[in-house]
Each structure stands twice: as C-alpha cells, then as structure tokens.
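# coords please:
(2 chains)
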Amino acid sequence: MRPGITGLEDEAITIIREVAACFERPVILFSGGKDSVVMLHVAVRAFAPAKLPFAIMHVDTGHNFPEVIEFRDRCLAGFGLDLTVASVQAAIDAGKVADAPSRNPLQTVALLDAIAENKFDAVLGGGRRDEERARAKERVFSHRDTFGQWDPKNQRPELWNIYNTSLRPGEHFRVFPISNWTELDVWSYIQQHDIELPSLYFAHRRPVFRRGGMLMAETEFLHAEAGEEVFEEQVRFRTVGDATCTAAVESSAVSIADVVAETSIARVTERGATRADDKISEAGMEDRKRQGYF
Amino acid sequence: MRQLRFATIGSVDDGKSTLIGRLLYDSKSIFEDQLEHVEAVSKRRGDEYVDLSLLTDGLRAEREQGITIDVAHRYFATPARSFVIMDCPGHVQYTRNMVTGASTADLAIILIDARHGVVEQTRRHSILTSLLGVPHLVVCVNKMDLVDYSEERFKEIREDFESFAARLNLHDVTFLPISALKGDNVVDRTPDLGWFEGPTLLHHLENVYTASDDNRIDVRFPVQYVIRPRTTEFHDYRGYAGTVAGGVLRVGDEIVVLPSGLSSTITGIDSADGPLTEAVPGAAVTILLADDLSVTRGDMICRPHNRPRVVQDHEAMLCWLDSNAQLQTNKLYTLKHTTRSTRAKVSEVRYVLDISELHRKEPTGPLAMNDIARVVIHTAEPLLRDDYEHNRVTGSFILVDESTGATAAAGMLLPPRE
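Okay, the predicted model is just below:
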C-alpha cells in the first residue's frame, strides 16, 4: 500500500474497476454531497482516458438545498455525464409511500424501485465505515437479497482483496469504494485535488434555529415551531442531505484549508453533529440499512 | 508513513475492548458524542463502569447480547500515522472472523492476561496469525497491575511464548507489558513499569516499519480490466488496468503475459496522477505495451525470467467459512484467485489442523465452519500462482458455493508436495 491518501485512492480504484469488470449494469449514487463527489472523481480517474462506464443516479427527497442541486447538475455537466433521478416525490405521488416530516427513510423505496426498474446490479455509494457504528460492520461488496435487504449477521466474509461478486437474479450489490476513508481523508483529498463542492460546506450566514441541541436551517421545507427562535448565524454544513434532517454547525471555515484544519481538531463526529435522523435510536442506521437504505 | 492496519485478537476477558478504548481515549481519538452515547447506554444497562466495547459493537444483536459477532473497523490517527483497527472477536467459534481480519492486517495484537500466562487461546490466536502470514505481531502482556507489575512474571510469560512460538512462522514479535485498565504503557509511560525499557504500544504502532512487507522482487501484475477509450483522440489506446501484486514495474521493462507466454515491452505506466516511470506494490495503474497482444482480465504480466507457477493441481491450507454448508469433495465450486475465476474441486483432505496445539488430525467428517485443513485442489483452468508465504496476493484464493453464492472457504497456496 502506498503512503497516505494515495494508498486509499489505489484501494478505491481497485474496487471501482472490479465493479466494471464483474457487473453488467453498475450505477453510482450521486447527491452532490462531499463523499459522493470524491467517489465520482476517483471513478472518473480510474478509467481515464476512457469514459466512466457507469450510470449516475440521485435519489432525490425533493427537500433539497437549491445550492446543492445547482452544483450537482453543473458538476455532472463538467464531466459530460447524464443523470437519472429517482424521485421520492414521485413515489409519494404514486401512492407507494406516505409523506413524512423527514423524507430520509423514504429514500429507500425510491432507491429500490429505481434499482429494479433499471436492473442495476451494482450500486456504488460513498458510505464510510467511520461514519456510524452499523456502517463499521459493512462489507466493501455488500450483498443484497431480492428485497434489497441487508442481513448484517449473515454477511459474506471478505478476505484479502478478493471480492465475492456472485449474484442470483433480482439480487444486487452495494459497493463502498471509500469504506476505509475518514472524514479528514475525504477533506484532504478535496484539498489535494482542489475539488469544487456545494457552497453549503463553507461558512456563510443564514437563518437557523435550535432543535434537539442542533442548529437547523430555516428553509421552505422546515420552519421553526413556536418557542424556537430564528436567528442569523455563521454556519457551515458537515454533511449535506435532506434539508429537514441535516443540521449546520457554527464555523468560520471559508476555504478548503480552513475546513481541513477544523476537521482535524473536531471533537464530535459529523453524523453526531448534523444528523437528526441518527439520534432517534441506538440502531437508527442499522434499521434503515437492513431495509435497503444506502 | 503508510497507514497501519492492525487486528486485535482476543475475547472480552483479555481486556481487548478496554485496550482499544484506552488507545482511542488516550490518543484523543474518541469523539465527544461517541463517548456520551457509550456512557448513556452503560448507565441505562446499570453497568458499574463505562463499557468501552460499545464503541466497536455496532449491531443491535451485539449490543443486546454483549458479544462481538463480526469484525468491526475503527479509524484513528495521531500526528505520526493513521490506523485502522480490525477488531476480531476471539470466541472459539469465531475463527472465521479472525481469519478475515488477519487476512488484510499488517500487524496483529494478541493479549495475554498476566495472571494466566500463555493459555490455549493464546496458542490458537498465534497459530492463526502465523498461518495468515501477518508480518508483525505484538504480544501485550496485559493486567500487569494485577501481578504487581512484576518484571519476573513478564519475562516468564515471554519465555513461555517463545518456546511455543519457535515452531511457528512468526518473523517479528514484540513483547510489551501493559495495563489497559490503568493506562500503563499503552500511550503513556508510567513509573510502575519503570523497569521496562521498550516502547509504549502506541509508539511501537507509530513506528513499526511496514514498507518492506511487500514483495518488491517478483513482478506480478494481474490484469483486472482493459481500458479502450474508442475515441478519435485515443483511437489506438489500449491499456491494461490493474493493481501491482508484487515487484516494481518500470517503463522499458521486458515482460511476458501469462498464460499465453507472449512477450513485449512496457512503453508507459498511466495512473490517476498521470504517467509514472515505475509502479510499486499496491499501486492501481494502467500498463501500456509496445506490441498489440491479446491480453484480457485474468492474465498476468511478469518478467521473462521470474514467473509464477502455471498449474492446475494445488496444495493449499483451506479455512472453511460457510456456516450453512460443509465441504463436499469433488463438488464444483467457483474459485477466485487474483482477477481470475475458474471452477475448482477439492479432491482430498490430507489432514485437519488442530489450531490449539498445531497437531495434524485425521479428518473425521466433512470440513465445517472454522475447520482448517490441508487439501488438494484441482482447477479447471491453470492458476498463475505463487506460494502464500512469498506473496499474500498471488498466493490466496476464495471458494464460492455456486448454489448459494456464499463465500465457502478461504485458501492459502502451499509449495507442491515433495
């Protein structure tokens, strides 16, 4: 293994190329969030000078920060890649799921539908094992049954760098090329390659309010309730997801270098700081993942 | 410095979780929300102390039953190095997890309780570490506080271990006295172990030299994927993408492609960061050749006078992993070795290894989960293979059960029988 971030990129490229070699219809999940941006960059570099041989899909909750959607489209246009959108709104409109205050868990339905409809057999995600404790148990090539379910107690052991890619009809794999990267590794890579990100990742002033110890952004999808005071604060987002359950942190980091410096001394994990949905229960992520979440 | 991936092997009783917690805590790698969470759960369960194992036990069933089911990965970094801890549960029935964790580890940590010394479990863990070819081993003699920090006791355990380990294939063994609970010699030196002149555990982990663990002599490049852009600009581009499994490839090198045996010269090495003059083990690169050969996934590029063996009959150590099915001799499995997949059958089980004593036993029934055995395997196509002890990449394989897709077994290739 080569030193530093180069070694982690070697590993990710090896995984991504294995997907290209072993699957018929792979797709990369792309939200415009930093992990998916980094994964996409690595994937494009893995096949240069040939074109990326994968489809690109965004599972869209409809509750977006506009800056992220604008960035998503501009980023893909820059690479000359087309986007498939799996829409949670469409699933709600079709009566497949009932709307909920947080649409985060509803993404599973739109995702599984899109996988079945497009016959995707390998779905690449930017999940990392350091994010969350259920993810720490995740394989790089994670097998999903015909219901898209994850069975954490019955996972295929993964030895050396030999990946079992055996599939039966209707099943698929979730593949996590940056499994072994940390939040700081992701930011170091972004810095090293001067990768553009949505502006939300950098400090800016916006109206926010406190809820459950977290700073939530006042948006068209989420409003302060009685007793919650809206105020303006200089913040940035450490993760970018559904606007109703992604919180901001107070920050003065306006550049990539500032964020790297801030991340290297952070005392709270990115999910602990910013994900309202993971606070619901000890096994919030495990339960969602079992059902087919990212 | 290269990232260090290390496996911690042992059970709760050895103080393994406490050790990991101590490493993370004293190196300031536990985040506040993680600690708050662990404290809250410990309190709710009525534990007398904060149970640091909750940091690594991520699944609901693990937390409910208080046991570790699966290998957990934890990440931490100091200014000197970044680390991945692969935490392997040590129960007798979980050999399969240890084998999995050890397969990618640069280093293994085995814990010995200073009061009990070398026990059966120590032997089992050491034998697996040796079998999986983990390059570095650290034996932590833990709970030194419970034996009055006795130097004599430490030396006694070390001598015991050394006399047993002489039969094993362990190259770099370091002994450290520690108390994970009290924090002695894990991250910080303490007066109680003032007689010990070696490093702290963290200092050792930060400085253990792993760059020479790769085989940099025998050039092995399994072709993973062929890159053909089919664009006007790169009309004639035909690159062989893969990850260097051994040796150093350089532009200008003469090479042969196996199994065809056709030869050519390397004209370029492309990487994500542009052209390189050489590619070292682990590098994911694209090789360009002077001649237009037919090269596909599963082929291997190597040097003309240093080739892997190209054979269909193999001697191997096999670790059975599948909990739902036992080995059936002469049944067809899919064998995956480097980038090559072929069908294979196990024709004979020579002996089963008793991993507590390193004894050879006659097989009494079909191999089942956690069994380790020496077997004879026949493959439908030749493997381009080295002995596992010379190259962990080109010497390892897995067997996949074709009816269930399960990873049935992990194998390590041995030299042919005399």
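
# thought A:E228 was touching A:R210, still the case?
Yes: counting by CB atoms under 8 Å, A:R210 touches A:E228, with 6.7 Å between them. The C-beta positions use only the backbone N, C-alpha and C, and glycine is treated the same way.

# identify the contacts common to these two.
Common neighbours of A:R210 and A:E228 are not found (criterion: CB atoms under 8 Å, 6 or more residues apart in numbering or on different chains).

# pLDDT score for the residue located most distally from the centre of chain B?
The outermost residue of chain B, judged against the average C-alpha position, is B:T232 (44.1 Å), by CA atoms, centre = their mean. The per-residue pLDDT reported for B:T232 equals 88.

# skipping adjacent residues, who's closest to the spatially most central residue of chain B in space?
Most central in chain B under CA atoms, centre = their mean is B:S103, positioned 2.2 Å from the mean C-alpha point. In this structure, B:S103 finds its nearest non-sequential neighbour in A:L159, 4.2 Å apart by CB to CB, 6 or more residues apart in numbering or on different chains.

# state the distance from the one you found to B:L321.
The gap separating A:L159 from B:L321 is 8 Å, by CB to CB, to the nearest Å.

# one more: B:C140?
Taken as CB to CB, the span from B:C140 to B:L321 is 28 Å.

# how about the residues of the stretch 101-250 of chain A near chain B?
A:129-130, A:132-137, A:143, A:152-153, A:155-164, A:166-168, A:171, A:179-180, A:182, A:184-185 (CB under 8 Å from any CB of the partner chain).

# hmm, back to that, ok, the residue farthest from the centre of chain B to A:P49 distance?
12 Å.

# next one: B:G268
12 Å.

# so between these two, which is more surrounded?
B:G268 (16 against 13; other CB atoms under 10 Å in any protein chain shown).

# nearest residue to A:P101 in space, please, no chain neighbours.
A:T244 (6.4 Å).

# residues in contact with that neighbour?
Per CB under 8 Å, 6+ apart, neighbours of A:T244: A:63, A:101-104, A:221-222.

# one step back: B:C140 and B:L321: who's more crowded?
Shown here are B:C140 and B:L321; by other CB under 10 Å, B:C140 has more neighbours (28 against 23).

# wait, that one sits on B:T200?
No: using CB under 8 Å, B:C140 is not in contact with B:T200; the gap is 10.9 Å.

# which residues do those two both contact?
By CB under 8 Å, 6+ apart, the residues touching both B:C140 and B:T200 are B:L176.

# run through the bridge partners of A:Q234.
With DSSP bridges as the criterion, A:Q234 is bridged to A:R205.

# so it makes contact with A:E250?
Yes: counting by CB under 8 Å, A:Q234 does reach A:E250; the two are 6.7 Å apart.

# ok, those two, which is more surrounded?
Legend: neighbour count by other CB under 10 Å for A:Q234 and A:E250, higher for A:Q234 (15 against 11).

# what score does the more buried one have for pLDDT?
91.

# the one 4 residues further on too?
At A:R238, the model reports a pLDDT of 83.

# and it, helix, strand or coil?
Of the three states, A:R238 takes coil under DSSP: H, G, I helix; E, B strand; the rest coil.

# neighbours of it, how many?
Neighbours of A:R238 (other CB under 10 Å): 26.

# my guess is it meets A:V249, correct?
Yes: using CB under 8 Å, A:R238 makes contact with A:V249 at a distance of 5.9 Å.

# list the contacts of B:D371.
Taking CB under 8 Å, 6+ apart, one finds B:319-320, B:352 in contact with B:D371.

# of those, just say which sits nearest to chain A.
Among these, B:C319 lies closest to chain A (CB to the nearest CB), at 8.8 Å.

# quick one: what helix or strand has the closest one in it?
Using DSSP states H and E, B:C319 sits in strand B:309-320.

# mind checking which helix or strand A:E11 is in?
Going by DSSP H and E, A:E11 is in helix A:4-22.

# can you list the strands that the next helix or strand after that helix pairs with?
On the C-terminal side of helix A:4-22, the closest following helix or strand by DSSP H and E is strand A:26-29. If you go by DSSP bridges, strand A:26-29 pairs up with strand A:55-60 (parallel), strand A:122-124 (parallel).

# what's the closest of those to A:L76?
Nearest to A:L76 among the strands paired with strand A:26-29 is strand A:55-60 (6.4 Å), distances taken as CB to CB.

# what does the closest one contact?
A:25-32, A:40, A:72, A:76, A:81-89, A:107, A:110-111, A:114, A:118, A:120, A:294.

# what comes into contact with the next helix or strand after it?
Proceeding N to C from strand A:55-60, the next assigned helix or strand is helix A:66-79, under DSSP H and E. Contacts of helix A:66-79 with the rest of the structure, by CB under 8 Å, 6+ apart, involve A:30-33, A:37, A:40, A:44, A:52, A:56, A:58, A:82-83, A:196-200, A:240.

# flag every buried residue along helix A:66-79.
Using 16 or more other CB atoms under 10 Å in any protein chain shown as the test for burial, helix A:66-79 gives A:67-68, A:71-72, A:75-76.

# domains in chain B, by residue range?
Chain B is divided into the following domains under automatic domain parsing: B:4-213, B:221-302, B:309-414.

# give me the number of residues near the residue in the stretch 301-418 of chain B that chain A sits nearest to?
Of all residues in the stretch 301-418 of chain B, the one sitting closest to chain A is B:G405 (4.0 Å; CB to the nearest CB). By other CB under 10 Å, the residues close to B:G405 number 17.

# and the end-to-end length of stretch A:167-181?
Stretch A:167-181 stretches 27 Å from its first residue to its last (CA to CA, to the nearest Å).

# which parts of that stretch count as buried, going by neighbours?
A:167, A:172-181.

# the residues you listed into JSON lines, with extra columns for distance to B:A108 and secondary structure?
Output for the buried residues of stretch A:167-181, formatted as JSON lines (distance: CB to CB, whole Å; DSSP: H, G, I helix; E, B strand; the rest coil):
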{"residue": "A:L167", "distance to B:A108": "33", "secondary structure": "coil"}
{"residue": "A:H172", "distance to B:A108": "34", "secondary structure": "strand"}
{"residue": "A:F173", "distance to B:A108": "29", "secondary structure": "strand"}
{"residue": "A:R174", "distance to B:A108": "29", "secondary structure": "strand"}
{"residue": "A:V175", "distance to B:A108": "28", "secondary structure": "strand"}
{"residue": "A:F176", "distance to B:A108": "25", "secondary structure": "coil"}
{"residue": "A:P177", "distance to B:A108": "26", "secondary structure": "coil"}
{"residue": "A:I178", "distance to B:A108": "25", "secondary structure": "coil"}
{"residue": "A:S179", "distance to B:A108": "21", "secondary structure": "coil"}
{"residue": "A:N180", "distance to B:A108": "18", "secondary structure": "coil"}
{"residue": "A:W181", "distance to B:A108": "23", "secondary structure": "coil"}
